[in-house]
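Colleague: my questions are about this predicted structure, shown below with the sequence.
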There are 2 protein chains.
Amino acid sequence: MNQVKKIQNFLQTNNIEAAFITTPDNVFYFTGFRSNPHERLLGVAIFKEAEPFIICPQMEIPDAKVAGWQGQIVGHQDTENAWDIVVQTMKEKAGDITTLAVEKAHLTVERLEALVERIPALQVSRIDEKINDLRVIKSEEELENMRKAAELADYAIEVGCKEIAEGKTEIEILNAIELAVKEKGAAQMSFDTMVLSGPKTASPHGTPGDRKIQKGDFILFDLGVVYNGYCSDITRTVAFGEPSPDKREIYETVRRAEEAAVQAVKPGITAMELDKIARDVITDAGYGEYFTHRLGHGLGISVHEFPSITGVNEMKLETGMVFTIEPGIYHPEITGVRIEDDVVVTADGVEVLTKFPKELQIL
Amino acid sequence: MNQVKKIQNFLQTNNIEAAFITTPDNVFYFTGFRSNPHERLLGVAIFKEAEPFIICPQMEIPDAKVAGWQGQIVGHQDTENAWDIVVQTMKEKAGDITTLAVEKAHLTVERLEALVERIPALQVSRIDEKINDLRVIKSEEELENMRKAAELADYAIEVGCKEIAEGKTEIEILNAIELAVKEKGAAQMSFDTMVLSGPKTASPHGTPGDRKIQKGDFILFDLGVVYNGYCSDITRTVAFGEPSPDKREIYETVRRAEEAAVQAVKPGITAMELDKIARDVITDAGYGEYFTHRLGHGLGISVHEFPSITGVNEMKLETGMVFTIEPGIYHPEITGVRIEDDVVVTADGVEVLTKFPKELQIL
């Protein structure tokens, strides 16, 4: 309830009557209840004074209780209009509401129209930045979950390396990794696991398929594991057989870029400075045009969250922030290489959560 | 391009200058390009006259080409403002645009504000219903993919049944199912596979865990497989050991309800009539209060799409629509049971895509 209190303080300070929060990841953050409601309405309403409530599909009420939510839970049936229920319940709790903070980066135009239809005088403002500010600084308890998630990701890479063999397909290796991780008790991957080989490594967002591994291939693993609701995200690129000199040069360039950025992490450095440190290494080596994405992204309950580590983000990094550092070179004629770690900004500098070796593994 | 043409006709008829479509599933429907852009912008712009274009992250341009899109693709880098690029490109294609159709059920308030900031005179209207009308009627090619997806789902249930044994956990069985399905070449499940046992079957949206299977349990499988971008979705509930009479009674009630609804499917019947046919069977048997959700949902590129088979939807079902029929009884003291098939409305009545037997399997 600590985090709910912070929203209440925000509402009081800004003289906003209520907040209505509907992103599943944010609902989890404030209530402990994780659910994928698909098109059905899931939300938590927080008020300046009144007690908060969850609205969810009727059939999920028991799950919300099991998740530990102590407050009120209002259900809606598929035959009912959930918006009538939300507006009615808000009214019962806090009278006529005319100022409401919402997640503008998540709330759809249709949902806003449903609210305004029922409360024509409604003025909406953004709660996005406040929630991001809270979520971006991880508590020790959250970090503990992320350490475990990272440990499972390291293990997954280890399994992937052991599975590599001539003639095996990307999908076969992927399946073996996921099975092993789930046998360790992980319920879910952070996103669709990526195993790409040979020329396919040159696509930053490629799809694993039935390509068979061959001697001389680089193999790129990009994967993450969810532990207690928190994500990890790791990338390693390894060699199957002795690599050609041009491949090795690309690998070592990415590695130097990655390590330079990791070592530079400390409170007060900006996101754009970090991006530049890695990008300069790659540009100076002549591969700048092949590093086509930002350096990294925030990580936590969501696999992509704040802060965004781009060349235009002036945000100063602070103790407790967690994000990925993942430079890559995608050379269509030689190979793709990406190396990615999850890092925490600490008072002293940096804690690296992912620990699988970064020296080129030749298998 | 046939489906793009239909949107162009819609724009001409309604005198709207352009449509901007950003739901990943809809982008796939109109372009063949499937991508999960996370927070990055992905969209397809369709005009009354001008050629359409895709906007996507720069690094995904090669993937969009591989997916078969012949038209223009505009990339954006992480350091650029994607909305500036969209508005500029629209202007180059079709001059100053002041009327735009968007997916109000998907477009966020923030994204609408980004558009209006750049085009203050912009008037937006809904394209949602038009797209739903197109997507809800499946072509023979789409049905062929869905038949294959359903075949894989049947196979997954078969594997699940074979895996059941005293002391195995839900997660162990789940892993064996997913591994087997992926070995058959399926790249992805439609959603998180559900294997629930014993009392956990009484939660319609429960989470598989390390509960060990015991003699006398009912075990509920709810899963689906994606084939060529199209989803299946099946539920079967089976008995491990001879079931008690009260469990069997619940099973047979759900089965009668499910089969009554399946047999009633034909062009012209409404969604609410179908829901009532199944619900009446369950209510007449005295279990009405334990059937806490709608009868089913549309199925296709999305695992939940139109039509929604609820007790309040007056929509008449038409040839080519595909949806699930999935009544359930969730009795907290006895057991939960759900049975779910994927059905197509045909000129003659119904084609049932999922074929795993519905007689109670006692393992």
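Modeller: Okay, I see it. Nothing here was measured: the structure is a model prediction, and the numbers come from that model.
Colleague: C-alpha from now on. contacts and neighbour counts both.
Modeller: Fine.
Colleague: and the closest residue to chain B within the stretch 101-250 of chain A, what's its pLDDT?
Modeller: For the stretch 101-250 of chain A and chain B, the shortest gap (CA to the nearest CA) falls at A:T108, measuring 4.1 Å. A:T108 carries a pLDDT value of 96.
Colleague: state the number of residues packed around the closest residue to it other than its chain neighbours.
Modeller: Nearest non-adjacent residue to A:T108, counting by CA to CA, 6 or more residues apart in numbering or on different chains: B:T108, 4.1 Å away. Residues near B:T108, counting by other CA atoms under 10 Å in any protein chain shown, number 21.
Colleague: ok so, going back, tell me who's in contact with the residue of the stretch 101-250 of chain A closest to chain B.
Modeller: With contacts defined as CA atoms under 8 Å, 6 or more residues apart in numbering or on different chains, A:T108 is in contact with B:104-109.
Colleague: now, the most widely separated pair of those residues?
Modeller: B:A105 and B:V109 (10.5 Å; CA to CA).
Colleague: circling back to that earlier point, return the member of the contacts of A:T108 nearest to A:M59.
Modeller: Nearest to A:M59 out of these is B:A105 (CA to CA; 23.3 Å).
Colleague: partner residues bridging A:V238?
Modeller: Taking DSSP bridges as the rule, A:V238 bridges to A:I219.
Colleague: quick one, grab the pLDDT at A:M1.
Modeller: 49.
Colleague: just A:F306 next, same as before
Modeller: You'll see A:F306 listed with a pLDDT of 95.
Colleague: element containing A:E113, please.
Modeller: helix A:109-118 (DSSP states H and E).
Colleague: wait, what's in contact with the most centrally placed residue in chain A?
Modeller: For chain A, the residue lying nearest the average C-alpha position, counting by CA atoms, centre = their mean, turns out to be A:V303 (1.5 Å). When contacts are counted by CA under 8 Å, 6+ apart, A:V303 touches A:190-191, A:231-233.
Colleague: same question for A:Y227.
Modeller: When contacts are counted by CA under 8 Å, 6+ apart, A:Y227 is found next to A:145-146, A:148-149, A:186-188.
Colleague: so how far is the longest helix seen in chain A from its chain's centroid?
Modeller: The residue-count maximum for a helix in chain A (DSSP state H) belongs to helix A:140-163. How far helix A:140-163 lies from its chain's middle: 15 Å, per CA atoms, centre = their mean, to the nearest Å.
Colleague: nearest to B:L134, of the contacts of A:V303?
Modeller: Minimum separation from B:L134 among the contacts of A:V303 (CA to CA) is found for A:F191, which lies at 29.8 Å.
Colleague: tell me how far the nearest residue to A:R34 once chain neighbours are set aside lies from chain B.
Modeller: Take A:R34 and drop its neighbours on the chain: the residue closest to it by CA to CA, 6+ apart is A:F28, 4.9 Å away. The spacing between A:F28 and chain B, counted by CA to the nearest CA, to the nearest Å, is 15 Å.
Colleague: what number of residues lie near A:F28?
Modeller: Neighbouring residues of A:F28 were enumerated by other CA under 10 Å; the total is 19.
Colleague: shouldn't it be within a strand?
Modeller: No: the secondary structure assignment for A:F28 gives helix rather than a strand, going by DSSP: H, G, I helix; E, B strand; the rest coil.
Colleague: was I right to think it contacts A:G43?
Modeller: No: A:F28 lies out of contact with A:G43 (CA atoms under 8 Å); the separation is 9.8 Å.
Colleague: ok, the nearest residue to A:I164 once chain neighbours are set aside - contacts?
Modeller: Residue nearest to A:I164 in three dimensions, not counting chain neighbours: A:I173, with 6.9 Å by CA to CA, 6+ apart. For A:I173, the contacting residues are A:160, A:163-164, A:195, by CA under 8 Å, 6+ apart.
Colleague: out of those, grab the one that's most surrounded.
Modeller: A:V195 (27 neighbours).
Colleague: under a three-state scheme, what state does it occupy?
Modeller: Reducing the assignment to helix, strand or coil with three-state DSSP, the entry for A:V195 is strand.
Colleague: one more: A:M272?
Modeller: Secondary structure of A:M272, reduced to three states by three-state DSSP: helix.
Colleague: any idea how many residues pack against it?
Modeller: A:M272: 19 surrounding residues under other CA under 10 Å.
Colleague: again with the one 4 residues further on
Modeller: The number of residues packed near A:K276 is 21, by other CA under 10 Å.
Colleague: check the one 4 residues further on too.
Modeller: Around A:D280 there are 14 other residues, counting by other CA under 10 Å.
Colleague: against chain B, how distant is it?
Modeller: Counting by CA to the nearest CA, the gap between A:D280 and chain B amounts to 16 Å.
Colleague: against B:A105, how distant is the residue of the stretch 101-250 of chain A closest to chain B?
Modeller: Here the criterion is CA to CA, to the nearest Å. By it, A:T108 lies 6 Å from B:A105.
Colleague: with A:Q88 instead?
Modeller: According to CA to CA, A:Q88 stands 22 Å off from B:A105.
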